[in-house]
Every structure is written in structure tokens, then in C-alpha cells.
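Colleague: no sequence for this one, just the structure:
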């Protein structure tokens with residue numbers, strides 16, 4: 001039973017890490033685009 005919980009914990013950590021990385025990368029791109037648009041309004 002310990003192996004089951006270890007695998008489940010590892011899978012959850014991998015999933016959480018990948019979602020966090022995906023959101024961070026997409027968010028950084030959106031922020032760069034927003035800043036460039038705001039600079040263009042001057």
C-alpha cells in the first residue's frame with residue numbers, strides 16, 4: 001500500500017508542477033504583450 005501512495009503523490013506533484021509551469025509561461029507572454037501594447041499608446 002505504501003507504493004500506491006508514493007506513486008500517487010509523485011503523480012500529483014508532477015501534474016501540479018507541469019500546470020504551474022504552463023501557467024507561468026503563458027502568463028509571462030501575456031504580460032509582455034500587455035506591456036508592449038501599453039508602451040505603444042504613448
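Modeller: Right, received. Where do you want to start? If you're wondering where the values come from, they're calculated on a predicted model, not measured in any experiment.

Colleague: now do the strands in the protein.
Modeller: Assigned strands in the chain: none (criterion: DSSP state E).

Colleague: where does pLDDT dip in this structure?
Modeller: 42 (pLDDT under 70).

Colleague: which residues in it form helices?
Modeller: Assigned by DSSP state H, the helices in the chain fall at 2-40.

Colleague: how close does residue 17 get to residue 33?
Modeller: As for residue 17, its distance to residue 33 is 25 Å (criterion: Cβ to Cβ, to the nearest Å). Backbone N, C-alpha and C define where each C-beta goes, glycine included.

Colleague: sorry, slip of the keys, the one I care about is residue 19.
Modeller: Distance of residue 19 to residue 33, computed by Cβ to Cβ: 21 Å.

Colleague: same check, this time on residue 12
Modeller: Separation of residue 12 from residue 33 (Cβ to Cβ): 32 Å.

Colleague: now swap in residue 7 and tell me
Modeller: Counting by Cβ to Cβ, the separation of residue 7 from residue 33 is 39 Å.

Colleague: please apply the same query to residue 23.
Modeller: 16 Å.

Colleague: for residue 13, same thing?
Modeller: Per Cβ to Cβ, residue 13 is found 31 Å from residue 33.

Colleague: do the same with residue 18
Modeller: Residue 18 is 23 Å from residue 33, by Cβ to Cβ.

Colleague: residues near residue 26, how many?
Modeller: If you count neighbours by other Cβ atoms under 10 Å, residue 26 ends up with 10.

Colleague: state the distance from it to residue 32.
Modeller: For residue 26, the distance to residue 32 - Cβ to Cβ - is 11 Å.

Colleague: what's the answer for residue 6, then?
Modeller: Relative to residue 32, residue 6 is positioned 39 Å away (Cβ to Cβ).

Colleague: now do residue 10
Modeller: Residue 10 is 33 Å from residue 32, by Cβ to Cβ.
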